[in-house]
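1. got a predicted model here, sequence first, then my questions.
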Amino acid sequence: ALRNWWAKLPANKREVFLEFIRRHRLKLLAGVGLVLASFAYYYFSHIQETPITKRRRFIAFTPEQFEVLNKLEFDQQIETYKSKLLPTEHADTQRVGRVVRQLLAGNEDIEQIKRHDWSVSVINDESVMNAFVMPSGNIFVFSGLLKMVDNDDQLGMILAHEISHAILGHGLENISHQHIVDIVFISLLGFLWMFLPSDLIAAIGTAFSRFILGISFMTPYSKMLETEADEVGLMLAAKACFDVREASAFWHKMAIISGADPVHQLQSSVEFLATHPSHEKRSEHLDGLLAEALKCRDGCHCSALPKEDPRERVQRMRDQIIRLNKDKNIEGVLKI
Ligand SMILES: [Zn+2]
């Protein structure tokens, strides 16, 4: 409308208008400054601290608003997977429930653990190796993940990571972030569209902004959230007496299976979101936090850990794969 109005304006009127802008430019600049200042005020007045890690972050919505969104999302997930959900009495659902109960019982001192309505559902799909948690505390595990973990300690480590996402409010933080990015991009696109009014420009602009956003901003950001959930998850698992050494053992195993370990060429169809840190990095990072987690576990009256370090088990698996790969090189020769 602004562009059309300007195009239709006679030349002398345009000159009057431009003269008006020149004369009042200081006031106009002050106006723009005021808009930016109120935007900054909005942003900084919505900064909150994460529980446990005390990191400052922007939150745009109230927990009540988020709950409504959450309820809609939960219904949608149930609708999507309802034909594949295992019954609650199924051994797999019971197993996940048992591990989650142990995690929650060991962390009752955390306010956010008490505040959530926890539930677990197992989705019967062995081709997917994943688990996710809804911000409200509904945990979904794919049966492919249950096949992939060596024991309940590894399952506990993964579920502790998922529970951490929920208690740290990562879902709320994510949509708040998205909200602010949307405001900035929509304003920029609106401005661009004023000069180049074509639907194609709008479509290309949106796709381009999403692409730039994905590679430059959202990916490192979600990796940071993943690392935070790994760190908090390790401590939750330690307090609940799980064998915390299994976390780095699991991710090292994943690195080997997915071929990320440079010694191996073994290919696998295991896929993980690119927003997650690589399996190797994750394993190394968790290894670095192990001493502190073990100390925390020691202070929680847990029974002693098995003598054999699970990381040695994974190391043996790695050595075995190397041997098998070496033997494979000679076609038609059966080594005895
Ligand atoms: Zn995660």
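-> Arrived safely, thanks for sending.

2. what mean pLDDT would you report for the strand or helix carrying K281?
-> Using DSSP states H and E, K281 maps to helix 279-298. Confidence for helix 279-298, expressed as mean pLDDT, is 86.

3. go through it and flag the buried ones.
-> 279-280, 282-283, 285-287, 289-290, 293-294, 296-297 (16 or more other C-beta atoms under 10 Å). Just so you know, the C-beta spots here come from the backbone N, C-alpha and C atoms, and that holds for glycine as well.

4. repeat that for stretch 220-233.
-> Going by neighbour count (16+ other C-beta under 10 Å), the buried part of stretch 220-233 is 222-223, 225-233.

5. out of those residues, which are close to the ion?
-> Among the buried residues of stretch 220-233, the ones lying near the ion by C-beta under 5 Å from the ion are 226, 229.

6. redo the buried residues of stretch 220-233 as a markdown table? Include pLDDT and secondary structure.
-> Below are these laid out as a markdown table (pLDDT from 0 to 100; DSSP: H, G, I helix; E, B strand; the rest coil):
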| residue | pLDDT | secondary structure |
| --- | --- | --- |
| S222 | 81 | helix |
| K223 | 84 | helix |
| L225 | 90 | helix |
| E226 | 90 | helix |
| T227 | 90 | helix |
| E228 | 94 | helix |
| A229 | 93 | helix |
| D230 | 92 | helix |
| E231 | 93 | helix |
| V232 | 95 | helix |
| G233 | 94 | helix |
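
7. right, and the helix or strand after the helix or strand F39 falls within?
-> Using DSSP H and E, F39 sits in helix 25-45. Sequence-wise, the next helix or strand downstream of helix 25-45 (DSSP H and E) is strand 47-49.

8. give the other helices and strands that that next one contacts.
-> Applying 3 or more C-beta pairs under 8 Å, 6 or more residues apart in numbering; DSSP states H and E, one finds that strand 47-49 contacts strand 56-58.

9. now do 10 Å
-> Packed against strand 47-49 by the contact rule (3 or more C-beta pairs under 10 Å, 6 or more residues apart in numbering; DSSP states H and E) you find strand 56-58, helix 170-195.

10. what's the next helix-or-strand element following the first one in contact with?
-> It refers to strand 56-58. Heading C-terminal from strand 56-58, the first helix or strand you meet, by DSSP H and E, is helix 63-81. Residues outside helix 63-81 that contact it (C-beta atoms under 10 Å, 6 or more residues apart in numbering): 59-61, 85, 115, 119, 121-125, 132, 134-138, 140, 142, 169, 171-172, 175-176.

11. and what of stretch 303-320?
-> Taking C-beta under 10 Å, 6+ apart as the rule, stretch 303-320 contacts 150-151, 153-154, 241-257, 261, 263-264, 283, 287, 290, 294, 297-298.

12. alpha carbons of stretch 64-71, as CSV, please.
-> Provided in CSV are the C-alpha atoms of stretch 64-71 (Å, rounded to 0.1, in the frame of the first residue of the first chain):
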residue,chain,number,x,y,z
GLU,A,64,0.2,-21.7,30.7
GLN,A,65,0.4,-20.7,27.0
PHE,A,66,3.0,-23.4,26.5
GLU,A,67,0.8,-26.0,28.1
VAL,A,68,-2.0,-25.4,25.6
LEU,A,69,0.5,-25.9,22.7
ASN,A,70,1.9,-28.9,24.4
LYS,A,71,-1.4,-30.6,24.8
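
13. go through that stretch and flag the buried ones.
-> Quick answer for stretch 64-71 (16+ other C-beta under 10 Å): 66, 70.

14. could you verify that D150 is part of a helix?
-> No - using DSSP: H, G, I helix; E, B strand; the rest coil, the secondary structure at D150 is coil, not a helix.

15. tell me who's in contact with it.
-> Neighbouring residues of D150 by C-beta under 10 Å, 6+ apart: 246, 249-250, 253, 310, 313-314, 317.

16. sounds good, over and out.
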